[in-house]
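Visitor: Provide a 3D model corresponding to the input given below.
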Amino acid sequence: VSVTPTGSYLINTNPNQPTYATDNMRCTWTFTAPTSYALGLTIAKFSTESTYDYFYVVNNAGTTLVTGSGSSPAAGTAYYSPVSMSARFTSDTSNSNYAGVQANVYFACISGTTLTLNANNSYFG
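Guide: Take a look at the predicted model:
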């Protein structure tokens, strides 16, 4: 998914809202920023079955920025990566009494070594 300078993208692991997330999910999203931009990902909601359902964010170098499960990371937590990033969600086959994950992906302008968030496309774009 390419995130353009005019918008943001919502990751939502629970298409059944306001009910609970689906069991046995395997979802992966890969995002690529335009030239001179980086990507930001901000957690909006996070509620998964601890030690059974996981949310991972990986930067363009393949480094895992977060491995989340249960109620961590907290809403409002932000991660950044130049060029591209991937997010992956996995859930087990039981106990779907959790809301899942919502996260917003947006772009940030890179100027030299400074990362500037675009005010029009920050949290909830």
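Visitor: from what I can see Tyr98 touches Thr48, true?
Guide: Yes - contact criterion C-beta atoms under 8 Å: Tyr98 and Thr48 qualify, at 5.1 Å. (C-beta placed from N, C-alpha, C; glycine too.)
Visitor: quick one, which of those two is more surrounded?
Guide: Counted by other C-beta atoms under 10 Å, Tyr98 and Thr48 do not tie: Thr48 has more neighbours, with 25 against 20.
Visitor: now the more buried one: how far from Phe55?
Guide: In this view, Thr48 and Phe55 are 7 Å apart by C-beta to C-beta, to the nearest Å.
Visitor: How about the contacts made by Ile11?
Guide: 29, 41, 87, 89, 101-105 (C-beta atoms under 8 Å, 6 or more residues apart in numbering).
Visitor: In strands, which of those residues fall?
Guide: Residues of the contacts of Ile11 located in strands (DSSP state E): 29, 41, 87, 89, 101-105.
Visitor: mind giving me JSON lines with those residues and columns for neighbour count?
Guide: Converted to JSON lines, those look like this (neighbours: other C-beta atoms under 10 Å):
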{"residue": "Trp29", "neighbour count": "16"}
{"residue": "Leu41", "neighbour count": "24"}
{"residue": "Ala87", "neighbour count": "22"}
{"residue": "Phe89", "neighbour count": "23"}
{"residue": "Val101", "neighbour count": "25"}
{"residue": "Gln102", "neighbour count": "18"}
{"residue": "Ala103", "neighbour count": "26"}
{"residue": "Asn104", "neighbour count": "20"}
{"residue": "Val105", "neighbour count": "24"}
